[in-house]
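J.: Just a sequence and a predicted model for now, questions to come.
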Amino acid sequence: MNPVAIAAGGGVLYWSSLVLTMGVAAWFALSLALYRSDGGELAALWVFFPIALWLSVLLSRFLHWYCHAEQYSGFFSAMTHYSSGGFCLPGVLLGVLLAALLVRALGFADSSARLLDALAPGAALGIGLIRLSALFGNAGRGKLLITDPRFQYLPLAAPVTTGTGAVEYRFAAFFWEFLLLMLLGLLMTRFFLKRRRTPMKEGKAEGSVALLFLLFYSAIELVLDSTRYDSSFLRSNGFVSLTQIVSAAAILAVLLYYSRRSIRANGLRPVHFLLWLLWLLSLAAAGCLEYLIQRHGNWYLLCYSLMSLSAALMALSGYWMYRTLRGHRT
């Protein structure tokens, strides 16, 4: 049951909707403050957010329809009726990127990379609050059932009402995502404020905040999406979810981007091979652990602990590659 926050006359406002709105507002407010402090224009964000919202809803709905076609009567119904069904997170990533490029093409921003840098800390704050809204409904569909009453409390477990009316306590995946994204938001804000004082050996620092946010957020999603029983899978693949695939590809893309810049700045060195090998071995370990989780239901604690370590090392390989580009402060 989705608890009611405000009921006046014939209007009802649910707590989940209220927290979701707060998340979008917090994202806008923090991004606006950071963008203006960096010399950006207010108009860019006023143009960006409606476009990003429209594209994100459209694309994430399309991906959800593709992965869960059985939940809809048809494609047209999925794209026009939003009272049921769901959304797939990678569509939001694509929608935000396309919106930033469009705002730059329309002349409201002088640099898409600088705009995305300002949006990244706010995205961590906003998405974290949006995930928190799951605690006020049945959206937190954790795969792990917590049966011991001693652990049926946050931050480990959250109650979910089943179709029969029974209450189950499941792993609070979205609450953990909220906690991790609050921490990531603080780190990205600090990095945003410091990046202009950090010289780079090659190229500009613009875009680094957005790329490092993508790096660490992808590592979070890589693990937490595995803990959900409603993950979205490609029609040709039922082993790893679409979000996990996109997360691993995003980490690789950031690693390769900084590898290219690092080789141009420093030449090809042993550290490059070590970081590439670290990413590859961590990816292989994460894949093996996902297989073990699906085959051995009583290995959750060990496997998810090791998978978290593997995902963290994947992200750190990209971050350490970025560090090879940083010069010394004068």
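T.: Great, that's in hand.

J.: Quick check: G91 vs V254, distance?
T.: According to CB to CB, to the nearest Å, G91 and V254 sit 20 Å apart. For the C-beta atoms, the positions are set from N, CA and C on the backbone; glycine is no exception.

J.: repeat for R260
T.: From R260 to V254 the distance is 11 Å (CB to CB).

J.: For the two, indicate the residue with more neighbours.
T.: A side-by-side neighbour count of R260 and V254, using other CB atoms under 10 Å, places V254 first with 25 against 13.

J.: Tell me how far that one lies from W279.
T.: Plainly put, V254 is 10 Å away from W279 if you go by CB to CB.

J.: Find the residues that touch each one of these two.
T.: Between them, V254 and W279 share these contacting residues under CB atoms under 8 Å, 6 or more residues apart in numbering: G318.

J.: Alpha carbons of stretch 108-123, in PDB - could you do that?
T.: Listed next in PDB are the C-alpha coordinates belonging to stretch 108-123 (Å, rounded to 0.1, in the frame of the first residue of the first chain):
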ATOM      1  CA  PHE A 108      22.000  27.700 -24.500                       C
ATOM      2  CA  ALA A 109      25.300  26.200 -23.300                       C
ATOM      3  CA  ASP A 110      28.800  26.800 -24.500                       C
ATOM      4  CA  SER A 111      29.900  23.300 -23.600                       C
ATOM      5  CA  SER A 112      27.900  20.000 -23.100                       C
ATOM      6  CA  ALA A 113      30.800  18.700 -20.900                       C
ATOM      7  CA  ARG A 114      30.600  21.600 -18.500                       C
ATOM      8  CA  LEU A 115      26.900  21.300 -18.300                       C
ATOM      9  CA  LEU A 116      27.100  17.600 -17.500                       C
ATOM     10  CA  ASP A 117      29.700  18.300 -14.900                       C
ATOM     11  CA  ALA A 118      27.300  20.500 -13.000                       C
ATOM     12  CA  LEU A 119      24.500  18.000 -13.400                       C
ATOM     13  CA  ALA A 120      26.400  15.000 -12.100                       C
ATOM     14  CA  PRO A 121      26.500  15.800  -8.300                       C
ATOM     15  CA  GLY A 122      22.800  16.800  -8.500                       C
ATOM     16  CA  ALA A 123      22.000  13.600 -10.300                       C
END
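
J.: you'd agree R235 is up against Y66?
T.: Yes: when contacts are counted by CB atoms under 8 Å, R235 is listed as touching Y66 (7.2 Å).

J.: More neighbours: which of those two?
T.: Between R235 and Y66, counted using other CB under 10 Å, Y66 has the larger neighbour count: 16 against 8.

J.: That one: what's it in contact with?
T.: Neighbouring residues of Y66 by CB under 8 Å, 6+ apart: L234, R235.
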